[in-house]
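Engineer: what's the 3D shape of this:
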Amino acid sequence: MTVEQIYTGCIAEAAYYIKSKNEAVIIDPLRETEPYISRAKKDGVEIKYILLTHFHADFVSGHVDLAKKTGAKIVLGPTAEAEFDFHQAKDGEILHVGDLKLKWIHTPGHTRESSCILLIDADGKENCVFTGDTLFIGDVGRPDLAVKQGELTEKDLAKMLFHSLRDKVMTLPDDITVYPAHGAGSACGKNMSKETFDTLANQKKNNYALRANMTEEEFVKEVLDGLSQPPQYFPKNVMMNKGVNIEIDKIIARGTAALNVQEFIEHANNGALMLDVRTQKDFIAGHVPNSIFIGLNGGFAPWVGELIADINQPIILIAPAGQEEEAVTRLSRIGYDNSIGYLAGGLENWIAAGKEIDTLKSIDAVTFETEANANPINILDVRKDGEFNADHLTEAKHYSLGRISEEMSGLDKAATYYIHCAGGYRSVIFASILKSRGYHNLIDIAGGYKAISDNTKLKRVETACTAS
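Structural biologist: Here you go, the predicted structure:
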């Protein structure tokens, strides 16, 4: 028996590969299919089932493509409705894979169809449980994401989740391993641990939502408290996961088309968004004017989904050499399927063609302190609400990156702004968006708030508030 967690850090997602004898199962696969097919081929096994714990909101799954390529049967839980063929498992139904049994446990709450999958090994031992977004390590799935899909309220779903956890999950053996679908960094919960699996016994001790003697009323209040607005692309991803989408191979073939400088310019003039996915250091040093920076080296996919409102927006890429396919793949994971090519030869070819470049001024924290002490300056803190509320510079104004489109009208194009985030990634995204819209007197503070805190004596406001 093999149970392998396939964790993708950039979207904090865990898929699972389970093998027994000559058969395999994939649970909650990502959009790309080749890694799963290659894994099964390497082991000489047939993928029998593709199990979806629910319709995910934070990424687009590749279940339909994978089923077409392998002949595997897609399985979903009770109440699920989709545009593709699938087997609807009943609560308590047993699926046989090699000499393993996979027991379907319907656990509504995160969504109506949410389910857990209990693995029973060849000796009849309840070995592990794949909890999807029902139970995370340190948290539970937020019950507000599926509200728009039906007539249930978030309180209704939270009550369902309370009973799913207590009546089904918490009755499993304490030594069973809990394998969730997400870890820290996912917006599907609010308080997830960096650990990606644990025993149920430890979760009963450490997870607030599994607290002994917790009432339904207490559970509902605590689970719903402090939930931030879900990213705008979440409901779009849910609908894509219920449907049949463009094949990943076609998306990659189109998105990795090499564009010469003139072709790149023509696409930009026709409305394509120029997305620079290099490092912030490279973008600062030189970039195509009016291009937007969201680097592959940071929270790439979530920030694309947060900031690019139109999921069908045509995108042309400025990417590090050899990482063009990676960029297209990572965009497609969250449903941004309309990549139409990349700038061949990158910025070097752009310059060689005689085209102008733009730069972003960046200073270190010590220089920033000197300039702040010499004259009054405009400081923009672009971190999230919880980060700013917990600790910020006295003179800073809060303009969270996630709300830039709504709030940027409050900024003066003639003024100079010093911009920082926590570590230097989000501030460059923020500055790139401002520059593309005519704000050019911008100065990035390298290393962000951490560098400021570690290297300066600028006055700060510290509170006990850490709510996001």
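
Engineer: distance of the residue sitting furthest away from the middle of the chain relative to residue 440?
Structural biologist: Computed with Cα atoms, centre = their mean, the maximum C-alpha offset from the centroid of the chain is found at residue 374, amounting to 41.2 Å. Counting by Cβ to Cβ, to the nearest Å, the gap from residue 374 to residue 440 is 22 Å. C-beta here means a position set from N, CA and C on the backbone, and glycine is covered the same way.

Engineer: again with residue 305
Structural biologist: Separation of residue 305 from residue 440 (Cβ to Cβ) stands at 27 Å.

Engineer: try residue 414
Structural biologist: From residue 414 to residue 440 the distance is 10 Å (Cβ to Cβ).

Engineer: the two: which is more packed in?
Structural biologist: Shown here are residue 414 and residue 440; by other Cβ atoms under 10 Å, residue 440 has more neighbours (13 against 8).

Engineer: contacting residues for the nearest residue to that one once chain neighbours are set aside?
Structural biologist: Take residue 440 and drop its neighbours on the chain: the residue closest to it by Cβ to Cβ, 6 or more residues apart in numbering is residue 413, 7.7 Å away. Contacts for residue 413 were tallied using Cβ atoms under 8 Å, 6 or more residues apart in numbering; they are 438-441.

Engineer: with residue 117 instead?
Structural biologist: Applying Cβ under 8 Å, 6+ apart to residue 117 gives the contacts 27, 51, 53, 102-105, 129-130, 132.

Engineer: what ranges do the helices span in the stretch 101-250 of the chain?
Structural biologist: Read by DSSP state H, counting those that start in this stretch, the stretch 101-250 of the chain holds these helices, from start to end of the chain: 154-164, 200-206, 216-224, 234-242, 248-255.

Engineer: quick one: residue 216 and residue 162 touch, right?
Structural biologist: Yes: here residue 216 reaches residue 162: they are 5.0 Å apart, a contact under Cβ atoms under 8 Å.

Engineer: any chance of the contacts of residue 413 in CSV, plus distance to residue 257?
Structural biologist: Below are the contacts of residue 413 laid out as CSV (distance: Cβ to Cβ, whole Å):
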residue, distance to residue 257
438, 30
439, 32
440, 32
441, 36
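
Engineer: and which of the residues you listed is nearest residue 400?
Structural biologist: residue 439 (16.6 Å; Cβ to Cβ).

Engineer: the nearest residue to the closest one once chain neighbours are set aside: what secondary structure?
Structural biologist: Using Cβ to Cβ, 6+ apart and skipping residues adjacent in sequence, the residue nearest residue 439 is residue 413, 5.3 Å away. Put simply, residue 413 is coil when judged by DSSP: H, G, I helix; E, B strand; the rest coil.

Engineer: okay, domains of this structure per the record?
Structural biologist: 2-237, 246-352, 361-462 (automatic domain parsing).

Engineer: could you tell me the end-to-end distance of the longest one?
Structural biologist: Distance across domain 2-237, first residue to last, is 30 Å (Cα to Cα, to the nearest Å).

Engineer: mean confidence for that domain?
Structural biologist: Per-residue pLDDT values across domain 2-237 average out to 93.

Engineer: so what's the residue count around residue 367?
Structural biologist: Around residue 367 there are 14 other residues, counting by other Cβ under 10 Å.

Engineer: before we move on, what about the one 5 residues further on?
Structural biologist: By other Cβ under 10 Å, 19 other residues sit near residue 372.

Engineer: and it, what does it touch?
Structural biologist: Residue 372 sits next to 379, 395, 418, 458 when contact means Cβ under 8 Å, 6+ apart.

Engineer: how near is residue 113 to residue 126?
Structural biologist: 23 Å.

Engineer: which one's more surrounded, those two?
Structural biologist: residue 113 (23 against 15).

Engineer: for the more buried one, give its distance to residue 181.
Structural biologist: Taken as Cβ to Cβ, the span from residue 113 to residue 181 is 14 Å.

Engineer: one step back: need the buried ones from the contacts of residue 372 selected in PyMOL.
Structural biologist: Burial among the contacts of residue 372 is assessed by 16 or more other Cβ atoms under 10 Å; the matching PyMOL selection reads:
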select buried, resi 379+395+418+458
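
Engineer: tell me which two of the contacts of residue 372 sit farthest apart.
Structural biologist: 418 and 458 (11.2 Å).

Engineer: re earlier: confidence score at the residue nearest to residue 440?
Structural biologist: 96.

Engineer: can you check residue 401 too?
Structural biologist: Predicted confidence (pLDDT) for residue 401: 96.

Engineer: that one against residue 429, yeah?
Structural biologist: Yes: assessed by Cβ under 8 Å, residue 401 is found in contact with residue 429 at 6.1 Å.

Engineer: need the residues touching each of the two.
Structural biologist: 303, 307.

Engineer: quick one: which of these two has more around it?
Structural biologist: residue 429 (25 against 21).

Engineer: tabulate the CA atom coordinates of stretch 144-163 in CSV.
Structural biologist: C-alpha atoms of stretch 144-163 as CSV (Å, rounded to 0.1, in the frame of the first residue of the first chain):
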residue,chain,number,x,y,z
ASP,A,144,-19.7,30.6,3.7
LEU,A,145,-18.2,29.7,0.3
ALA,A,146,-21.2,27.7,-0.9
VAL,A,147,-23.9,30.0,0.3
LYS,A,148,-24.5,31.5,-3.2
GLN,A,149,-25.0,28.0,-4.6
GLY,A,150,-28.3,27.4,-2.8
GLU,A,151,-30.8,28.6,-0.3
LEU,A,152,-28.7,27.6,2.8
THR,A,153,-27.2,30.4,4.9
GLU,A,154,-23.7,30.2,6.3
LYS,A,155,-25.2,29.5,9.7
ASP,A,156,-27.1,26.5,8.2
LEU,A,157,-23.9,25.1,6.8
ALA,A,158,-21.9,25.8,10.0
LYS,A,159,-24.5,23.8,11.9
MET,A,160,-24.2,21.0,9.4
LEU,A,161,-20.4,21.1,9.8
PHE,A,162,-20.7,20.9,13.6
HIS,A,163,-22.7,17.6,13.3
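
Engineer: could I get the buried residue list for that stretch?
Structural biologist: 144-147, 149, 152, 154, 156-162.

Engineer: now swap in stretch 237-249 and tell me
Structural biologist: Neighbour count says stretch 237-249 has 237-238, 240-241, 245, 247-248 buried, by 16+ other Cβ under 10 Å.

Engineer: where's residue 63 relative to residue 14, distance?
Structural biologist: Counting by Cβ to Cβ - residue 63 and residue 14 are separated by 15 Å.

Engineer: higher neighbour count, the two?
Structural biologist: Taking neighbours as other Cβ under 10 Å, residue 63 and residue 14 compare with residue 63 leading, 25 against 20.

Engineer: surely the more buried one is in contact with residue 49?
Structural biologist: No: using Cβ under 8 Å as the test, residue 63 is too far from residue 49 to be in contact (10.4 Å).
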